[in-house]
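Student: could you work out the structure for the sequence below:
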Amino acid sequence: FPYTTLFRSVKGSVTWRNPTGFLSAETYPFLPFYGVLALAYLVLGLLWFGVSLRHWRKLLAIQNWIAGVIFLGMAESATLYFDALEYNNVGLPNSGAEVFGILMSTLKRTVSRVLVLVVAMGYGVVKPTLGTTRYKVSLLGMLYFIFSAGLMLAQSGNSDGEVSWASALFLIVPVSILDTGFYWWIF
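Tutor: Model (predicted):
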């Protein structure tokens, strides 16, 4: 073809940067939000630790789990803040920090749901143990963590945040059924 010499391919890359950094206008407000949230969790954790230290003889086992949820929230928000800060400064996402933040978020939600469930069942206040129900609660929590983490990782892997039909069938449906199971068992 004689016309092929008229068309040449050009290779290159385009880099754009906002005045505030590489984060888009849609995601930039998350940067200060996660920073303030991490500081709020830190203050809450220090207050909880101080009160727990003052009343250490009267603590229930359930209160240690509450401290764990506070720590997981602080780890989640600090990870998401530093991930957003690095992306804003460098322009490249840190997939390791994003996965760690997603896992911390999922673990915090799982522990929170299990904590509300066992308190609703009377553990730590009325009952000293859960007995054989402990295994059912643990299984429900593990299944929720696995499917919810899979869903969050699938959503973060897509640029538009939506999952495919097959992922929705195998991830969203089990997560919603497990959520319903938590709510039904609590009430």
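
Student: state the distance from Leu31 to Leu80.
Tutor: From Leu31 across to Leu80, the span is 9 Å (CB to CB, to the nearest Å). All C-beta spots, glycine's among them, are computed from the backbone N, C-alpha and C.

Student: same drill for these two, tell me which one is more crowded.
Tutor: With neighbours defined as other CB atoms under 10 Å, Leu31 and Leu80 compare such that Leu80 has more, 24 against 20.

Student: so who does the more buried one touch?
Tutor: Applying CB atoms under 8 Å, 6 or more residues apart in numbering, we find Leu80 in contact with 30, 34, 101, 105.

Student: buried only: go through those residues for me.
Tutor: Listed as buried from these are 30, 34, 101, 105; burial here means 16 or more other CB atoms under 10 Å.

Student: mind putting the residues you listed in a markdown table, distance to Gly50, pLDDT and secondary structure included?
Tutor: A markdown table is the format used below for the buried ones among the contacts of Leu80 (distance: CB to CB, whole Å; pLDDT from 0 to 100; DSSP: H, G, I helix; E, B strand; the rest coil):
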| residue | distance to Gly50 | pLDDT | secondary structure |
| --- | --- | --- | --- |
| Phe30 | 30 | 94 | helix |
| Tyr34 | 25 | 96 | helix |
| Gly101 | 27 | 92 | helix |
| Ser105 | 26 | 95 | helix |
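
Student: which other helices and strands contact the helix or strand harbouring Phe100?
Tutor: Using DSSP states H and E, Phe100 maps to helix 95-120. Secondary-structure packing of helix 95-120 (3 or more CB pairs under 8 Å, 6 or more residues apart in numbering; DSSP states H and E): helix 61-90, helix 133-157, helix 173-186.

Student: how much does that helix deviate in direction from helix 173-186?
Tutor: Inter-element angle recorded for helix 95-120 and helix 173-186: 30 degrees (by axes from the mean of the first three to the mean of the last three CA atoms, to 10 degrees).

Student: could you check the angle helix 95-120 makes with helix 61-90?
Tutor: 160 degrees.

Student: tell me which residues of helix 95-120 come out buried.
Tutor: Quick answer for helix 95-120 (16+ other CB under 10 Å): 97-115, 117-119.

Student: pull the distance from it to the chain's centre.
Tutor: For helix 95-120, the separation from the chain centroid amounts to 6 Å (computed by CA atoms, centre = their mean, to the nearest Å).

Student: now do stretch 49-65
Tutor: Offset of stretch 49-65 from its chain centre (CA atoms, centre = their mean): 26 Å.
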